[in-house]
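Q: Take this sequence and fold it.
(chains A and B)
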Protein chains: 2
Amino acid sequence: MGFKDNLRKIAPYIPGEQPKDVSKVIKLNTNENPYPASAKAEEIACNLRDDKMRLYPPTDAGKLSRAIARYYGVPEKNTFVGVGSDDVLATAFIACFNSDKPILFPDVTYSFYDVWAELYKIPYKTVPLDDDFKIVKEDYLQENGGIVIANPNAPTSINLPLEDVEFIIKNNPDSVVIVDEAYVDFGGESAIPLLGKYDNLMVVQTFSKSRSMAGMRIGYAFASDAIIQAMNDVKFSINSYTMNYPAVEMGVAAIDDEEYYKATIAKIVKTREKAVKELKKRDFTVLDSKTNFLFISHKRVKALKLFADLKNRGIFVRHWDKPRIGNFLRVTVGTDAQMKKLYEALDEILAE
Amino acid sequence: MGFKDNLRKIAPYIPGEQPKDVSKVIKLNTNENPYPASAKAEEIACNLRDDKMRLYPPTDAGKLSRAIARYYGVPEKNTFVGVGSDDVLATAFIACFNSDKPILFPDVTYSFYDVWAELYKIPYKTVPLDDDFKIVKEDYLQENGGIVIANPNAPTSINLPLEDVEFIIKNNPDSVVIVDEAYVDFGGESAIPLLGKYDNLMVVQTFSKSRSMAGMRIGYAFASDAIIQAMNDVKFSINSYTMNYPAVEMGVAAIDDEEYYKATIAKIVKTREKAVKELKKRDFTVLDSKTNFLFISHKRVKALKLFADLKNRGIFVRHWDKPRIGNFLRVTVGTDAQMKKLYEALDEILAE
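A: Next up, the predicted model:
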């Protein structure tokens, strides 16, 4: 006996490695944006004075939620803002998945979904992707207490066409369907236009990828009144004030700088398309990416060896020791210069 | 039937009112600090460049947790940092209160405790304060699955002597005892010196009050290895990256500016002691405050009337329509100038 018996035992999510000194490595392992955040966001940080620290921030992130709602043409009352999309999704799991039936998500997907389900004791069932790592929409017609899909999916990088997403939402009126669009800006199709049509839909996005603000922790969701109400009830049952003033102020500045945001995305997409060719040239299987990363497998050399050899050369990529994807690597699309170093390193490793 | 059946129904915590334009009111309702944060924290905000936004922040808040640990003389491995003490406490409830026995806390205390217990389905039992609103240490000898006390307690403002806190910790070796010290810097006695002695103790503090940084969302906890491990496992099961870069950088600057911090506290304590006299002179019962707020009840005029009349005059204080404390007001200690306006307003109201 002892207090330790009352401590929660749980296997947490394991984030990608953050090297101590990022200046010394090429960091292609956590899908960060290689380009800086909007200069306008940097500038605004200097204007954080007095009341922007001393007082509690607005509980709804105030002008940040208004800026996001306006940018996407969604009513502010249907908008929710959190500390990164992980905070938004974790809140959504508590708020939306209260059935005795299992929630559904793909067997290969964002590895936080089963962690949240375990933490909150939500029954769940994984649905296998097909042999091409694609989501089969008909598989989501089975009885369930909710559905969450990442689209484009991670770490596969593959986009599910919007009509297939709609098929899943439409045929599950008794479930909340969460579409996690962390990577949608790099070539996916957002489900935002479906929001007016389906009350059971939640769309989640983030500033961490396309807006170069992983370090600011800003995520957001759009959904119907009933879902946002449940989200807020849960949020106000955990922490009323989640978004600090810098996140609010700098987030607004980033949203307002649309030109820079679009230019950054265009650069990454261009680098990605070039990378697909370069990697295929080197005998990699490359899944069709609509994201800022590539999911690749070499025809000859094992992923784990490539992972280790790249790391030895100061290039960090991501590998999971899991069924089906154990021979794949997930490589974030960096700058052209970083990718050139990646190709050179691969040429050395593959020539051994 | 419909997806709404799966939405979580819960009664959330209700935070104090945040008026739209704080420049037009005297805000004594949410225990914020009336003095600005350290100028050094403001300065540092201008140095947030590129990698401090683009990359994911350190999962453990890196140099902020080190700065806090160093300042309080606690090993870094026994330190946990979160998005305000609410985030830290909510995490602690999941991590530490996993018993079938009820957790204990006072009947009059921080109104988030029962909300977290409800949200996470933790059985709980409230323990009545005595007639003087004091915690009776012997009442915490009954069977329990954990204990949480705010010390000084809120909204009563009363401090429990450290030997009584130790009595509770010592006599509950099978329970984690959380001491929530949000207000300790204004005259309470911290349980930090007991950390080496008791593995079942967690001490929680915040930057929101004594460090004037409610808007930055920084809270922290100290505890034994086993408890911090459980805290981290839960944290990594919800959101790996909670503290954004501005919180980390500005938090460190605030910790380093000890002189300013102590001077601010001294000013507030001085204003508080003067306020006690002024309020007693006006026939208020004033509980013995070791915090940055006063819990007061007028001998003649009802709290709800005072609350409304003060609000009409642009002075916001806090009132709870709850058993035992329905005739009390909680008044944050503001600047001397703000308090003078409060006395003037009270003189008008009481003269009616």
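Q: buried ones in the strand or helix carrying A:Leu64?
A: Using DSSP states H and E, A:Leu64 sits within helix A:62-72. Using 16 or more other C-beta atoms under 10 Å in any protein chain shown as the test for burial, helix A:62-72 gives A:62, A:64-69, A:72. No exception for glycine: its C-beta is placed from N, CA and C like everyone else's.
Q: Now do the contacts for the spatially closest residue to A:Arg282 that is not a sequence neighbour.
A: The shortest distance from A:Arg282 to any non-neighbouring residue, by C-beta to C-beta, 6 or more residues apart in numbering or on different chains, is to A:Leu346 (5.7 Å). If you count contacts by C-beta atoms under 8 Å, 6 or more residues apart in numbering or on different chains, A:Leu346 has them with A:279, A:282, A:306, A:310.
Q: any chance of these in JSON lines, with pLDDT and neighbour count too?
A: Formatted as JSON lines, the contacts of A:Leu346 follow (pLDDT from 0 to 100; neighbours: other C-beta atoms under 10 Å in any protein chain shown):
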{"residue": "A:Leu279", "pLDDT": "98", "neighbour count": "20"}
{"residue": "A:Arg282", "pLDDT": "98", "neighbour count": "17"}
{"residue": "A:Leu306", "pLDDT": "98", "neighbour count": "24"}
{"residue": "A:Leu310", "pLDDT": "97", "neighbour count": "22"}
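Q: for the residue nearest to A:Arg282, helix, strand, or coil?
A: Three-state call for A:Leu346 (DSSP: H, G, I helix; E, B strand; the rest coil): helix.
Q: ok, now how distant is it from A:Val333?
A: When C-beta to C-beta, to the nearest Å is the yardstick, A:Leu346 and A:Val333 sit 15 Å from each other.
Q: Please apply the same query to A:Arg318.
A: Applying C-beta to C-beta, the value for A:Arg318 to A:Val333 is 13 Å.
Q: Next: A:Tyr113.
A: Taking C-beta to C-beta as the measure, A:Tyr113 and A:Val333 are separated by 24 Å.
Q: Equivalent analysis for A:Asn144, please.
A: Plainly put, A:Asn144 is 34 Å away from A:Val333 if you go by C-beta to C-beta.
Q: Likewise for A:Asn33?
A: For A:Asn33, the distance to A:Val333 equals 9 Å [C-beta to C-beta].
Q: anything in contact with each of those two?
A: Common contacts of A:Asn33 and A:Val333 (C-beta under 8 Å, 6+ apart): A:268, A:292.
Q: more neighbours, those two?
A: Between A:Asn33 and A:Val333, counting by other C-beta atoms under 10 Å in any protein chain shown, A:Val333 is the more crowded of the two (29 against 25).
Q: Strands along the stretch 151-300 of chain A, start to end?
A: With strands called from DSSP state E, counting those that start in this stretch, the stretch 151-300 of chain A shows them at A:177-180, A:201-206, A:219-223, A:284-286, A:293-298.
Q: Deepest-packed of the ones you listed, please.
A: Mean neighbour counts were compared across those using mean count of other C-beta atoms under 10 Å in any protein chain shown; the top stretch is strand A:177-180, at a mean of 28.
Q: helices or strands up against the worst-scoring helix or strand of chain A on mean pLDDT?
A: Least confident helix or strand of chain A, by mean pLDDT, DSSP states H and E, is helix A:51-54 with a mean of 78. Under the contact definition 3 or more C-beta pairs under 8 Å, 6 or more residues apart in numbering or on different chains; DSSP states H and E, helix A:51-54 sits against helix A:245-256.
Q: neighbouring contacts of the helix it packs on?
A: Under C-beta under 8 Å, 6+ apart, the answer for helix A:245-256 is A:37-38, A:40-45, A:47-48, A:52-53, A:57-58, A:61-64, A:67-68, A:71, A:83, A:207, A:211, A:213, A:216-218, A:243, A:261, B:45, B:48, B:53, B:215-216, B:244, B:246-247, B:250.
Q: Give me the buried subset of those.
A: Using 16+ other C-beta under 10 Å, the buried ones in the contacts of helix A:245-256 are A:37-38, A:41-42, A:44-45, A:48, A:52-53, A:57-58, A:61-62, A:64, A:67-68, A:83, A:207, A:211, A:213, A:216-218, A:243, A:261, B:45, B:48, B:53, B:215-216, B:244, B:246-247, B:250.
Q: can you list the domain ranges for chain A.
A: Listed by automatic domain parsing, the domain ranges of chain A are A:13-37+A:259-351, A:39-256.
Q: now A:Ile218, nearest residue through space, not along the chain?
A: Using C-beta to C-beta, 6+ apart and skipping the chain neighbours, the partner closest in space to A:Ile218 is A:Phe207 (3.9 Å).
Q: give me phi/psi at that neighbour?
A: Main-chain dihedrals, A:Phe207, degrees, to the nearest 10: phi -90, psi 0.
Q: measure it to A:Asp225 for me?
A: As defined by C-beta to C-beta, A:Phe207 lies at a distance of 24 Å from A:Asp225.
Q: and if you look at A:Pro15?
A: Using C-beta to C-beta, A:Pro15 is found at 34 Å from A:Asp225.
Q: What residue in the stretch 251-352 of chain A comes nearest to chain B?
A: Closest contact between the stretch 251-352 of chain A and chain B, by C-beta to the nearest C-beta, is at A:Ala254 (8.8 Å).
Q: Count residues in the vicinity of that residue, would you?
A: A total of 26 residues lie near A:Ala254 under the criterion other C-beta under 10 Å.
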